[in-house]
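Colleague: Sequence and predicted structure below; questions after.
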Amino acid sequence: MRILAYGVAGWLILAGAYGMVRSRNLVHVTVCLSVAQSGTYVLLLAIGYQWGAPAPVFSPGSPIKLPVVDSVVQSLAFTDIVVSATVTALLLALAIQIHKTHRTLDPDELQSLKG
Amino acid sequence: MLPAAIALPLLAGALLLAVGRHLPRLLADSAALLIAAAVAVLTGLVAIEATGGRLVTWAGTWRPVGIVLVADPLGAGLACLAALLTCCAMLYSRRYLEDAGTHFHVLMLLFLGGMTGFALTGDLFNMFVFFELMGAVAYALTGMRIEEPGSVQGAFNFAVINSLGAYLTLAGIALLYARTGELGMPQAGVALAGHRADATVVAAFVFVAAGLLVKAAVAPMHFWLADAHAVAPAPVCMLLSGVMVELGLYGVLRVYQVVFAGTIPQAVVTRAWVVLGLLTALVGSLMCAGQRHLKRLLAYSTIAHGGLFLAAAGLGAAGPIAGVALGVAGHAGAKGALFGVCGLLLDRHHSVDEGELHGRGGGWREPSCWLFLAAGLLLTGLPPFGPGLGKVVAEEGAWWLPAVSLLVSSITGGAVLRAGLRVFLGWGRRLPPPRPDQTYGGDESPETEEPLPRTPKSMLAALALLLAGSAAAGVTPRLAEWAGRGAAMFLDRGDYLRQALTGAAGHPPATVPEVGWTTSGVLLGLLATAGALAVAALQLRAGEAGVSEPGPLRRLHLGHIGDYVAWLFAGVATLAVLIGSSLI
């Protein structure tokens, strides 16, 4: 099962990248970037996951040797989500401005930077 | 002291955001300038103190599970350089971007906080967070002029490519954590030491390095840089070109040295850095020579220099690294001054197109003419100044380095001088209007609210300070000595691990490279300057043919985001082959 999770993570990153390469719309590019990033969430969570282990919440009675899932990777994924929200918001704002100034969102038709 | 250098600009930025609306502009300017100056002093003191041994701080004193900050002379020195450049940029932008209000100040302070944190941290995930902070703020700063078509497109490309690189870095960090159970660089380094480099370790290294190399604009992941630099406001370009790109290089070398040097042999990574560095230097130089958009020209010169720095520092010897450290300091000042003059031209003539500006720069009487030409000469490596000393010292690493460095300095320096002579003095043939497949630098709106009748003194002072700093880096023996010590300490892996993990006192490095001018060095520097003058003369005579880059290469740089993503993955694959082929 773990292999499957790693495979899904890799597939998400590559699928997102492929979507960006073939994209005809900058909003679509932004969403593809989020898809690629979801690959990193899956990777992080898969690394810390244990079958049958509960969340790492301890109470005075819980056994000391209790196996739990790794909370470090979960907080990494959480930080990652915050970062992604910021970047996505910024990218969408830029996409709106690009549409205002260029009257298009198709990367093939954006001509202000070249050479 | 270390947390203060990171927290001060971040807190000040947050505070300014809260109260900025009610502050008069002058007060906000002074506050931002003061904070940046305080960070410069603080990190400068740290850098000097660190020459006697690294400064280590465990956040919350949670050794060894917390987050560690480690300052060595090169890391703290880079943080100091970032703060000094921010000071100059704030001084320069007194009359800039007035409609953005204090948001500009807030972003600049957050940018500084991100850069200081990135340079001082000893924890991989912490590094990623500062990397992203630095990135997100830089995207916003690049796209500040939201009414400009080029500006928003450049910022979009910059943001997508750098974010994608950052996510690859995060994937690499995750793999490293899976393998070692550590996020701290010294802890992970200890856990990996002596183990065979298996597929997981190699993949972790390649992914972590990929994001940092994107930031360092290493070919073929460099495309975003020219777009971003061509459209960002001039004071932002100073920081992007002068220190952010170099921080990417620093990150790559630091992560390898602390985490992976125990498993992946130096020879293997050296091969990768030299191949990628030379490719970058070649692409950057060729594209630089053919640009007529002044800011793009400077951007490609930065790419070429970055490649040279990577190839030299990647050798993993103390001498070249000391040279690169000095070179980075010298380059930052000279390039910052050049971008500043471009901002002045844009303000006055609404254009940064070399052909349109032919002879309109103002002639010998204009201070910006002198500033531009002097900065161009510094960039060629003229002795006895900073960029020259850096190149000469770095060149001692390998027999082929002097030749490469000579070519890069002559071509990129020549292009800058050519542009300066044509714009300010009207030398050379007139250029026809740009072809449709070139970026047009004319008809841009200026970055100032209203045209400035005369160049304000604060702007000229900022540019003069940048130039003076760049020149001084070559003639200050103390600085050269610190760079030598810093480079030796940068490579002393055992001492870094011991100091970071046990809090033991640092040992002075056993051998410190000699850093200074030699007869052959002076000759090489003069040769590079002469070469640059020759290139400039040839290009001025050639007219239009002098500003057209090779067609096939130009067709790759189309500002198309899909192409850039494809090239990024091609770069990652190349790196994986270069590193993995001899290990797995």
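Modeller: Good, I have the coordinates.
Colleague: Could you pull up the residues touching residue 47?
Modeller: You didn't pick a chain, so chain A it is. A:70, A:73, B:174, B:177-178 (C-beta atoms under 8 Å, 6 or more residues apart in numbering or on different chains). (Each C-beta comes from the backbone N, C-alpha and C, glycine too.)
Colleague: Wait, chain B was what I had in mind.
Modeller: Residue B:47 neighbours (C-beta under 8 Å, 6+ apart): B:71, B:73, B:76-77, B:79-80, B:482, B:486.
Colleague: now do residue B:327
Modeller: Taking C-beta under 8 Å, 6+ apart, one finds B:305, B:309, B:386-387, B:389-391, B:393-394 in contact with residue B:327.
Colleague: Go again with 6 Å.
Modeller: By C-beta atoms under 6 Å, 6 or more residues apart in numbering or on different chains, residue B:327 lies in contact with B:390-391.
Colleague: Tell me the first helix or strand C-terminal of whatever helix or strand it lives in.
Modeller: Element membership of residue B:327 [criterion: DSSP states H and E] is helix B:318-349. Later in the chain than helix B:318-349, the nearest helix or strand by DSSP H and E is helix B:367-380.
Colleague: what sits up against that next one?
Modeller: Contacts for helix B:367-380 (C-beta under 6 Å, 6+ apart): B:334, B:337-338, B:341, B:344, B:361, B:385, B:387, B:409, B:413, B:416-417, B:420, B:424, B:460, B:463, B:467, B:470, B:528-529, B:532.
Colleague: Repeat that for stretch B:508-515.
Modeller: Against stretch B:508-515 from outside (C-beta under 6 Å, 6+ apart): B:318-319, B:322, B:393, B:480, B:483-485, B:488-489, B:492.
Colleague: circling back to that earlier point, next, the angle helix B:367-380 makes with the helix holding residue B:327.
Modeller: 160 degrees (axes from the mean of the first three to the mean of the last three C-alpha atoms, to 10 degrees).
Colleague: about what we covered before: cross the contacts of residue A:47 against helices and list the overlap.
Modeller: A:73, B:174, B:177-178 (DSSP state H).
Colleague: Columns pLDDT on top of those, output as a markdown table?
Modeller: Output for the ones in helices among the contacts of residue A:47, formatted as a markdown table (pLDDT from 0 to 100):
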| residue | pLDDT |
| --- | --- |
| A:73 | 92 |
| B:174 | 96 |
| B:177 | 95 |
| B:178 | 93 |
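Colleague: now for the helix or strand containing residue A:3, which elements pack on it?
Modeller: Residue A:3 is located in helix A:2-22, with elements delineated by DSSP H and E. Judged by 3 or more C-beta pairs under 6 Å, 6 or more residues apart in numbering or on different chains; DSSP states H and E, the packing partners of helix A:2-22 are helix A:26-48, helix B:561-580.
Colleague: Which positions in the last one come out as buried?
Modeller: In other words, helix B:561-580. Using 16 or more other C-beta atoms under 10 Å in any protein chain shown as the test for burial, helix B:561-580 gives B:561-569, B:571-572, B:574-576, B:578-580.
Colleague: That one and chain A, are they touching?
Modeller: Yes - residues of helix B:561-580 are located near chain A by C-beta under 6 Å from any C-beta of the partner chain, namely B:561-562, B:565-566, B:569.
Colleague: what does the stretch 51-200 of chain B put close to chain A?
Modeller: For the stretch 51-200 of chain B, the residues in contact with chain A (C-beta under 6 Å from any C-beta) are B:132, B:136, B:139, B:143, B:146, B:149-150, B:152-156, B:159-160, B:163, B:167, B:170-171, B:174, B:178.
Colleague: Could I have the buried ones of those as ChimeraX selection syntax?
Modeller: Of those, the buried ones can be selected in ChimeraX as follows, counting by 16+ other C-beta under 10 Å:
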select /B:132,136,139,143,146,149,150,152,153,154,155,156,159,160,163,167,170,171,174,178
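Colleague: Tell me the buried residues in stretch A:7-17?
Modeller: A:9, A:12-13, A:16-17.
Colleague: tell me the mean pLDDT over that stretch?
Modeller: Mean pLDDT, computed over stretch A:7-17, is 96.
Colleague: What would it look like as CSV? C-alpha coordinates only.
Modeller: In CSV, the C-alpha atoms belonging to stretch A:7-17 read as follows (Å, rounded to 0.1, in the frame of the first residue of the first chain):
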residue,chain,number,x,y,z
GLY,A,7,3.1,6.2,-6.9
VAL,A,8,0.1,8.5,-6.5
ALA,A,9,2.4,11.3,-5.2
GLY,A,10,4.7,11.0,-8.1
TRP,A,11,1.8,10.7,-10.6
LEU,A,12,0.2,13.9,-9.2
ILE,A,13,3.4,15.9,-9.5
LEU,A,14,3.9,14.7,-13.1
ALA,A,15,0.3,15.1,-14.1
GLY,A,16,0.3,18.7,-12.7
ALA,A,17,3.4,19.5,-14.6
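Colleague: Tell me which residues are up against that stretch.
Modeller: The contact list for stretch A:7-17, computed with C-beta under 6 Å, 6+ apart, reads A:32, A:35-36, A:38-39, A:42-43, B:565, B:569.
Colleague: ditto for stretch B:525-535
Modeller: So stretch B:525-535 is in contact with B:380-383, B:388, B:392, B:406, B:409-411, B:413-414, B:417, going by C-beta under 6 Å, 6+ apart.
Colleague: what kind of secondary structure is the spatially closest residue to residue B:60 that is not a sequence neighbour in?
Modeller: The shortest distance from residue B:60 to any residue other than its chain neighbours is 5.3 Å, reached at residue B:66 (C-beta to C-beta, 6 or more residues apart in numbering or on different chains). Three-state call for residue B:66 (DSSP: H, G, I helix; E, B strand; the rest coil): coil.
Colleague: what are the phi and psi angles of residue B:66?
Modeller: phi -80, psi -160 (degrees, to the nearest 10).
Colleague: is it true that it touches residue B:58?
Modeller: Yes - here residue B:66 reaches residue B:58: they are 5.0 Å apart, a contact under C-beta atoms under 6 Å.
Colleague: got the contact list for residue 67?
Modeller: Reading this off chain A. A:50, A:53.
Colleague: please go with chain B instead
Modeller: B:59, B:123, B:126.
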